[in-house]
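>>> Dropping the sequence and predicted coords here.
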Amino acid sequence: MKVSIEKDELLKGIQAVIDIVPSKTALPVLSNILIDANNGSDVCLSATDLDISITCKLSATIEDAGATTVPARKFSEIVRELPEESLSLTAEEGRVTLQRQSGAEGTYALMSVPSDDFPDLPTEIDGPEIAFLSDEDEDAQDSSADSNVLSEMISKTIFAVSRDETRPVLTGVLWQVGNGRMTMVATDGHRLVKYSRIQDGLPDNNREAIVPPHALNQVVKLMGGGSDLQKVQLGQSHVLFSLGDEDAIQIFSRLIEGPYVDYEQVIPQNNGKRLRVSNSQLLPAVRRVSILASAQTHQLRLELKKDELALSATSQEIGGEARESMGVEYDEDEMTIGYNSGYLQDVLRRINCDEILFELDSAVAAGIIRPGEQLEGEDYLCLLMPLRLND
């Protein structure tokens with residue numbers, strides 16, 4: 001195999017796929033990137049951890065077709081440090097050689113593993129297709145969903161997934177589509193986030209899937225780097241994300257199996273005590289007071305009185321205390337409730353508007369946090385379970 005490729009183009013492909021390369025694996029070849037120059041004028045870079053696979057097409061001049069694999073991390077480090085110029089990539093006799101083609105001479109060689117040892121990658125799945133367009137698309141059609149909305153929904157829910165591998169379904173994000181509405185839900189048993197938006201271009205029949213957060217994070221990263229999401233296919237056991245011009249980047253991910261929790265039964269419907277507060281005041285105060293929260297419980301106390309909220313925390317480990325008060329809109333019974341300060345900050349950081357609405361019932365009942373204002377057809381809520389208050 002021998003190809004000529006610009007350094008920027010090669011680095012773009014490496015950066016697109018390298019996050020999928022596992023840091024530790026029992027199968028050594030998975031630590032490599034597959035370089036495939038058997039596709040006409042395109043060179044394809046691929047990586048997989050057996051659950052998620054990614055392929056990125058790059059423009060290059062192919063002199064001799066072929067395929068090989070190279071150690072991902074070292075290959076990335078070498079290419080990153082090279083100057084902006086054309087490079088020659090050659091694979092023969094178990095070695096891959098990267099050579100500068102202009103300016104000073106430079107040759108870098110790495111041991112390679114035959115491409116035949118690399119796992120076979122999926123190429124297509126069966127399932128309904130959702131077309132996406134971004135706000136920048138001038139020819140946007142009503143029949144397509146908004147990719148920017150999807151990116152926002154992922155960012156505002158994914159933080160709440162569980163890291164407990166004994167309950168696999170909670171380690172993913174529930175994604176529901178159909179009948180003009182898209183919903184994402186994540187929970188770890190201590191908090192639950194639900195984000196629902198009206199969207200065009202969705203299937204008529206309701207479909208749902210539990211998507212691993214690694215795949216969703218990769219989609220958001222690539223979109224943030226300038227690759228527009230073009231379409232998504234939801235299959236029975238896999239999901240396919242296609243990004244960039246002519247589907248230059250494709251991400252295949254295995255879905256998490258099993259029924260998701262009935263989250264609607266968990267969300268309280270009769271929390272009648274309303275607290276309205278400015279997030280520009282609340283979030284910084286929570287951050288400050290939390291510095292002296294217990295390192296074990298991270299408990300933050302919220303003491304509510306008429307039009308007043310007091311935040312307090314105590315650290316027995318260092319004998320520290322913190323307390324701050326602020327004006328709010330509250331005209332219900334006095335109440336003191338405790339929350340995990342880290343969980344509360346996670347929620348407040350993801351609410352864009354300044355006004356925050358708390359829907360509360362009692363010190364031992366789950367509280368609901370919402371933005372004070374939402375778009376038409378938008379429903380974003382965060383449920384937090386309270387902590388038992390220290391005496």
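Here it is on my side, so go on.
>>> Measure how buried residue 270 is and give me the count.
Applying other CB atoms under 10 Å, we find 7 residues neighbouring residue 270. Backbone N, C-alpha and C define where each C-beta goes, glycine included.
>>> And residue 207, by the same measure?
By other CB under 10 Å, 16 other residues sit near residue 207.
>>> Report pLDDT for it.
Note on residue 207: pLDDT of 91.
>>> With residue 138 instead?
Note on residue 138: pLDDT of 49.
>>> cool, and residue 100?
For residue 100, the pLDDT comes out at 87.
>>> partner residues bridging it?
residue 87 (DSSP bridges).
>>> Report the contact partners of it.
Each residue near residue 100 by CB atoms under 8 Å, 6 or more residues apart in numbering is listed here: 82-83, 85, 87-88, 106-107.
>>> Quick one, which of those residues are buried?
87-88 (16 or more other CB atoms under 10 Å).
>>> The nearest residue to residue 215 once chain neighbours are set aside: how many residues sit nearby?
In space, residue 215 comes closest to residue 253 once its chain neighbours are excluded; the distance is 3.7 Å by CB to CB, 6 or more residues apart in numbering. Residues lying near residue 253 (other CB under 10 Å) number 24.
>>> just checking, what packs against the host helix or strand of residue 253?
Remark: residue 253 resides in strand 249-254, with elements defined by DSSP states H and E. Helices and strands touching strand 249-254, by 3 or more CB pairs under 8 Å, 6 or more residues apart in numbering; DSSP states H and E, are strand 52-59, helix 213-224, strand 238-243.
>>> Let me know the angle separating the last one from strand 52-59.
Orientation check (axes from the mean of the first three to the mean of the last three CA atoms, to 10 degrees): strand 238-243 against strand 52-59 gives 30 degrees.
>>> mind checking how far the spatially closest residue to residue 35 that is not a sequence neighbour is from residue 108?
Of all residues not flanking residue 35 in the chain, residue 68 sits nearest, at 5.6 Å (CB to CB, 6+ apart). According to CB to CB, to the nearest Å, residue 68 stands 15 Å off from residue 108.
>>> do residue 360 as well
Counting by CB to CB - residue 360 and residue 108 are separated by 61 Å.
>>> Show me the beta-bridge partners of the residue nearest to residue 35.
What pairs with residue 68, by the bridge criterion (DSSP bridges), is residue 35, residue 114.
>>> where does this structure dip in pLDDT?
Filtered on pLDDT under 70, the chain yields the residue ranges 103-104, 134-143, 391.
>>> Of residue 68 and residue 108, which one has the most company?
residue 68 (25 against 17).
>>> give the contact list for the more buried one.
Counting by CB under 8 Å, 6+ apart, residue 68 has contacts 1, 34-35, 91, 96, 112-115.
>>> could you redo the last one with a cut-off of 10 Å?
Residue 68 makes contacts with 1, 32-37, 89-92, 94-96, 110, 112-116, 118, as judged by CB atoms under 10 Å, 6 or more residues apart in numbering.
>>> which among those end up buried?
1, 32-37, 89-91, 96, 110, 112-113, 115, 118.
>>> picking up where we left off before, format the helices and strands packed on strand 249-254 as a markdown table; extra columns: distance to residue 339 and mean neighbour count.
Formatted as a markdown table, the helices and strands packed on strand 249-254 follow (distance: least, CB to CB, whole Å; neighbours: other CB atoms under 10 Å):
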| stretch | distance to residue 339 | mean neighbour count |
| --- | --- | --- |
| strand 52-59 | 34 | 22 |
| helix 213-224 | 23 | 19 |
| strand 238-243 | 34 | 22 |
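>>> Once you drop chain neighbours, what's closest to residue 304?
On the basis of CB to CB, 6+ apart, the spatially nearest residue to residue 304 that is not a chain neighbour turns out to be residue 335, at 4.8 Å.
>>> tell me, how many neighbours does the one you found end up with?
Residues within reach of residue 335, counting by other CB under 10 Å, total 16.
>>> Can you tell me the number of residues neighbouring residue 170?
23.
>>> That should have said residue 264, apologies.
Residue crowding around residue 264 was assessed by other CB under 10 Å; the count is 9.
>>> Please identify the buried residues of the helix or strand harbouring it?
Applying DSSP H and E as the criterion places residue 264 in helix 263-266. Neighbour counts over helix 263-266 (16+ other CB under 10 Å) mark residue 263 as buried.
>>> Can you lay out the helices and strands packed on strand 249-254 as a markdown table showing distance to residue 365?
Formatted as a markdown table, the helices and strands packed on strand 249-254 follow (distance: least, CB to CB, whole Å):
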| stretch | distance to residue 365 |
| --- | --- |
| strand 52-59 | 38 |
| helix 213-224 | 28 |
| strand 238-243 | 36 |
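>>> Compare those and give me the one nearest residue 288.
Taking CB to CB, helix 213-224 is the member of the helices and strands packed on strand 249-254 nearest to residue 288, at 29.5 Å.
>>> Quick check: the residue nearest to the spatial centre of the chain vs residue 158, distance?
The centroid of the chain falls nearest to residue 217 when counting by CA atoms, centre = their mean (2.7 Å). In this view, residue 217 and residue 158 are 7 Å apart by CB to CB.
>>> Contacts only, for the residue nearest to the centre of the chain.
By CB under 10 Å, 6+ apart, the contact list for residue 217 reads 19, 154-155, 158.
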